[in-house]
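J.: Quick one, structure for this:
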Amino acid sequence: MCIGRFLTGFLVGSAVGGIVGILLAPRAGEETREMLVDRSEEAYKSTETSVKELQSKANEVMDNIQKKGDELLSKVQDLIKQQYHQA
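T.: Numbering: from 1, shown residues only. A predicted model of the protein is given here:
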């Protein structure tokens, strides 16, 4: 699954759920605004945490790819040196 699609779905789902909850909630305007602020803060913190975790995992994957690429390059260089010395 693409990270961008996941985040988009997560954000859209959060927004739609929040809106539906507000529309169906039998609360006064001030209570609703306070609830909105609280839920917005919670959603922001949750999203921030998710993004940080995804970024960390992406960095780990990139580090592994770089390491494997370096190993492959070293092996190719060794093979080229062997072929050059045999010729």
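
J.: For the chain, which segments are assigned as helices?
T.: Shown for the chain, the helices assigned by DSSP state H span residues 3-24, 29-86.

J.: what about the chain, any weak spots by pLDDT?
T.: 1, 25, 27, 87 (pLDDT under 70).

J.: Can you pull up the most central residue in it?
T.: Centroid check for the chain by Cα atoms, centre = their mean gives residue 54 as the closest residue, at 3.4 Å.

J.: ok, and the closest non-adjacent residue to that one?
T.: residue 3 (5.6 Å; Cβ to Cβ, 6 or more residues apart in numbering). Yep, even glycine has a C-beta here, placed from its N, CA and C like the rest.

J.: What's the separation between that neighbour and residue 66?
T.: Applying Cβ to Cβ, to the nearest Å, the value for residue 3 to residue 66 is 19 Å.

J.: if you count what's nearby, which of these two comes out ahead?
T.: The neighbour count for residue 3 versus residue 66, taken as other Cβ atoms under 10 Å, is higher for residue 3 (13 against 10).

J.: how far away is that one from residue 77?
T.: 34 Å.

J.: burial of residue 69, as a residue count?
T.: Neighbours of residue 69 under the rule other Cβ under 10 Å: 10.
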